[in-house]
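In: Mind looking at a prediction? Sequence and model below.
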Amino acid sequence: MYKRKSKTQALHPVSTSQGISSSLNISKYKLQDKTISAPVTAQSKITDDDDYIPEAAPLSKRVRRNSSVDKENLPAKKYFEEILEKCGLQIQYGSSPHTLTILGKEPIIIANELQTLFKKSNKSNEMIEKFMKTFEEYCKNEKYLKKALLPTQVASSSDTDIIVGIPKDSLIRILLNVDFLQEKVIDFVLEKLMEYALEEDDESNWTRLFTRPLAFLPTVNNSHKLATSLLDLIEVAAVDSQMELITILPDILPDHEHEFVSIRLSELMKKSSELIPAILECYGHLTLNTEKHNEVRKHLLALIQTSIAVTHIPILTQYLLNTCPQSEMVEVIQELRKTLIDTTLLLNTQDEKQLSLIMTFSTIQLAFMKSKPLANAWIKVILNIKEPAAHRSTDVMILIILYTIATHKRNTDIYASRC
């Protein structure tokens, strides 16, 4: 550990608009000694005497506001900025991310302080309305909107732009953890998401930026409204945004909304076959009961009997084999076998079709390694074929896969016994 040199210097007053740096003893960094000034209590700019405002952070732990921007060009502080600054979050207008100004203060603590602020105020409704109004005005600038969606950082010094620690929650994620603000912030996020999700070419990946703060929230106050809004948005969004939104639904919505999601996605799958891979991936992460899984499986089996894109067969095979109960394995395997036979007959020199078939057999091999009953069921299906002429190249491939797995297991057991 680096030793800090003792240095006695006269204390002198400082302006409240500047932060005071503190020396850190971190083995990873060797920070220069900084002058520590006498603490000065900062007077709040919020004039409402009835409003509860958390005690200002010690100036020795605060950082300079927008050090990378000329002070003369800084806009006047908005109401939401003043509130956030009192809780320990500094809005930055330069290239630097928004900063947590109190070392060791986690974003969830800032959210809790905001919650306490609104709860103890005699005019909480007015405060919330004013906070959201000024925040939305700030986000009208696309650059500021994007920064509100990006991670915050912890600043360690008022004189430098040193950043310590890992990236923290984004500004919008912090606001989503405040119960008094959550529903209004979600409405704001969905409104903005609608604007960008309709664009066919989303190069900046705005859809992912907007949905990331919504994922894995500790609580969602009105989850059904959120589920309905997201599913309505999926139906009208561009294809790329549709796929992005579908795959992240299990991370955003609580388990008790998953059955409602599965019903809506089943309807969507009938309308748009190109969304099948994303929907099946979503199904794999939804918490559904056995009855609902059976309904989805029957729908998929009916789908592959009619028509399905060759490129969708690997993900469809994976879902069917992973969710199939032992009592229905033979029926599912028979339908998959027919589909694979038709696929091999359709194969030509197109690399995409050949790759899809390779991925399908790889999926089957992995399923056999996970489930011995599934492998036995497929052998049973092949043995029940009475006429030699009824056998196809697909059956030979399955037998080769089973032989390879058995040989590998036997060799592994022999090697283990010798060790």
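Out: Received it, and whenever you're ready, just let me know what you need. Numbers count the residues shown, from 1 in each chain.
In: Any regions of the stretch 251-400 of the chain where pLDDT drops low?
Out: 305-307, 342-350 (pLDDT under 70).
In: 80 instead, please
Out: With pLDDT under 80 as the threshold, the stretch 251-400 of the chain has low-confidence stretches at 302-310, 341-354.
In: the domain parsing of the protein - what is it?
Out: When the chain is parsed with automatic domain parsing, its domains come out as 20-30+40-177, 196-288, 310-419.
In: mean confidence for the longest one?
Out: The predicted model gives domain 20-30+40-177 an average pLDDT of 71.
In: And for stretch 241-248?
Out: 94.
In: quick one on the thing from earlier: would you format the domains of the chain as TSV with distance to residue 299 and mean neighbour count included?
Out: C-beta: built from backbone N, CA, C; applies to glycine. Formatted as TSV, the entries for the domains of the chain read as follows, by distance: least, Cβ to Cβ, whole Å; neighbours: other Cβ atoms under 10 Å:
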stretch	distance to residue 299	mean neighbour count
domain 20-30+40-177	35	17
domain 196-288	6	17
domain 310-419	11	15
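In: What are the neighbouring residues in contact with the nearest residue to residue 171 once chain neighbours are set aside?
Out: Leaving aside its sequence neighbours, residue 171 sits nearest to residue 148 (Cβ to Cβ, 6 or more residues apart in numbering; 4.4 Å). Counting by Cβ atoms under 8 Å, 6 or more residues apart in numbering, residue 148 makes contact with 98, 138, 139, 170, 171, 172.
In: Residue 367 is in contact with residue 320, isn't it?
Out: No: at 9.3 Å, residue 367 and residue 320 do not qualify as touching, with contact defined as Cβ atoms under 8 Å.
In: Can you list the residue ranges for helices in the stretch 251-400 of the chain?
Out: Shown for the stretch 251-400 of the chain, the helices assigned by DSSP state H, counting those that start in this stretch span residues 258-271, 276-283, 290-306, 313-323, 329-346, 351-370, 372-383, 393-418.
In: quick one on the thing from earlier: out of the contacts of residue 148, which comes closest to residue 116?
Out: Proximity of the contacts of residue 148 to residue 116, judged by Cβ to Cβ, is greatest for residue 171, which lies at 18.5 Å.
In: and the gap between that closest one and residue 324?
Out: Per Cβ to Cβ, to the nearest Å, residue 171 is found 45 Å from residue 324.
In: cool, residue 193 as well?
Out: Remark: distance between residue 193 and residue 324 (Cβ to Cβ) = 36 Å.
In: what do you get for residue 80?
Out: With distances defined as Cβ to Cβ, the gap from residue 80 to residue 324 amounts to 52 Å.
In: give the contact list for residue 215.
Out: Counting by Cβ under 8 Å, 6+ apart, residue 215 has contacts 248, 251, 252.
In: Could you rerun that using 10 Å?
Out: With contact taken as Cβ atoms under 10 Å, 6 or more residues apart in numbering, residue 215 is in contact with 173, 248, 249, 250, 251, 252, 253.
In: Skipping its backbone neighbours, what lies nearest the fifth one in space?
Out: Looking back up the chat, that one is residue 251. What sits nearest to residue 251 in space, not counting adjacent residues and going by Cβ to Cβ, 6+ apart, is residue 215, at 4.0 Å.
In: and the one you found, how far is that from residue 108?
Out: The gap separating residue 215 from residue 108 is 16 Å, by Cβ to Cβ.
In: Give me the distance between the residue most central in space within the chain and residue 224.
Out: Residue closest to the mean C-alpha point of the chain, counted by Cα atoms, centre = their mean, is residue 212 at 4.0 Å. Distance check for residue 212 against residue 224: by Cβ to Cβ, it reads 22 Å.
In: Next, residue 152: secondary structure please.
Out: strand (DSSP: H, G, I helix; E, B strand; the rest coil).
In: wait, doesn't it sit right on residue 105?
Out: No: no contact is recorded between residue 152 and residue 105 when judged using Cβ atoms under 10 Å, the distance being 11.1 Å.
In: Now do the shared contacts for the two.
Out: Here residue 152 and residue 105 have 89, 168 as joint contacts, going by Cβ under 10 Å, 6+ apart.
In: Which residues are in contact with the closest residue to residue 323 other than its chain neighbours?
Out: Using Cβ to Cβ, 6+ apart and skipping residues adjacent in sequence, the residue nearest residue 323 is residue 293, 5.1 Å away. Contacts of residue 293 were listed using Cβ under 10 Å, 6+ apart, and they are 262, 283, 286, 319, 323, 324, 325.
In: Which of these sits closest to residue 385?
Out: Within the set of those, residue 324 lies nearest residue 385; the separation is 20.4 Å, counting by Cβ to Cβ.
In: give the contact list for the nearest residue in space to the closest one that is not next to it in sequence.
Out: Of all residues not flanking residue 324 in the chain, residue 332 sits nearest, at 4.8 Å (Cβ to Cβ, 6+ apart). For residue 332, the residues meeting the contact criterion (Cβ under 10 Å, 6+ apart) are 297, 300, 301, 317, 320, 321, 323, 324, 325, 374, 377, 381.
In: How about the fifth one: what's its closest non-neighbour residue?
Out: Counting by Cβ to Cβ, 6+ apart, residue 320 lies nearest to residue 332, which is 5.4 Å off, once chain neighbours are set aside.
In: same check, this time on the third one
Out: Counting by Cβ to Cβ, 6+ apart, residue 301 lies nearest to residue 335, which is 5.1 Å off, once chain neighbours are set aside.
In: what's the answer for the last one, then?
Out: The spatial neighbour of residue 381 that comes closest, neighbours along the chain excluded (Cβ to Cβ, 6+ apart), is residue 333 at 5.0 Å.
In: Contact partners for that neighbour?
Out: By Cβ under 10 Å, 6+ apart, the residues touching residue 333 are 320, 321, 324, 364, 374, 377, 378, 379, 380, 381, 382, 398.
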